[in-house]
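J.: I'd like to go over a predicted model; first the sequence, then the structure.
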Amino acid sequence: MKYIYFILLSLACSSGLLAQADKPLVQFSGVVLGSDTRRYASFVSIVSPTTRKGTVSDYQGYFSFVASPNDTFVFSAIGYKKQLIVIPGDISQTAFSKNIILDRDTLELPLVNIYPWPDYETFKRDFLTRIIPDDDLTTAQKNLNRQTILALGKYQPMDGIQNSNRYFQQQVQQLYYRGQFAPNQLLNPLAWAQFFQMLKEGRISLKSE
């Protein structure tokens, strides 16, 4: 009796394997695109609801796997609506290609206003005690104040760019008078006349400040 059960079980398994082997297979491939931009949708999940098996498209939306006719697959991705695709049952070829276009699924969230104050009293206190910053013109005038610039120039050392510019100016001056004596302003009568004129007008002073 045990041998009869074993033989019947073997026949059932072999018939099931033969039926599965006789079931046609197709290579299902394609590209998943977005309906809004018609560009590829990356990493889309492709799952069969019946077998719970599937795959994922690559970065450029391409997919390819083995399936059977009449199989159903659900294409889903974040930001897109799910789409149900059924492979035709009367397909006669071993390959089936189809481009999947997913519709954009837009979620509109309610408007949220974020304030840095917990209540109205805190807002009122901060508003009344707030120091209004200077506008651009006032800030520029403060930065160009003569006393501020002189103080910074007196105590702040020269940086690398200023030192290099000063060095190049000295080199140019030396090259300009190469092969001859540089003029001495102490022997220039026009310079003395200009000096006395500026002294008379009060533009310069002999007193040390």
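T.: Here it is on my side, so go on.

J.: from here on, contacts and neighbour counts on C-alpha atoms
T.: OK.

J.: Please enumerate the helices of the chain.
T.: 2-22, 120-129, 136-143, 146-155, 160-176, 189-201 (DSSP state H).

J.: for the longest one, what is the average pLDDT?
T.: By that I understand helix 2-22. In this model, helix 2-22 carries a mean pLDDT of 49.

J.: For Pro116, report the pLDDT, please.
T.: Per-residue pLDDT puts Pro116 at 85.

J.: what do you get for Tyr62?
T.: On the pLDDT scale, Tyr62 is placed at 94.

J.: Next: Asp126.
T.: pLDDT, Asp126: 87.

J.: pLDDT below threshold where in this structure?
T.: Scanning the chain for pLDDT under 70 picks out 1-23, 207-209.

J.: longest single strand anywhere in it?
T.: strand 26-34 (DSSP state E).

J.: which parts of that strand are buried?
T.: 26, 28-34 (16 or more other Cα atoms under 10 Å).

J.: quick one, which of the helices of the chain is nearest to Thr51?
T.: helix 2-22 (14.8 Å; Cα to Cα).

J.: quick one, which of the helices of the chain is nearest to Ser64?
T.: It is, among those and with distance given as Cα to Cα, helix 2-22, at 20.9 Å.

J.: hang on, the earlier thing: output the helices of the chain as TSV; include the columns mean neighbour count and distance to Val56.
T.: Formatted as TSV, those follow (neighbours: other Cα atoms under 10 Å; distance: least, Cα to Cα, whole Å):
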stretch	mean neighbour count	distance to Val56
helix 2-22	11	25
helix 120-129	10	52
helix 136-143	11	55
helix 146-155	10	65
helix 160-176	11	58
helix 189-201	12	86
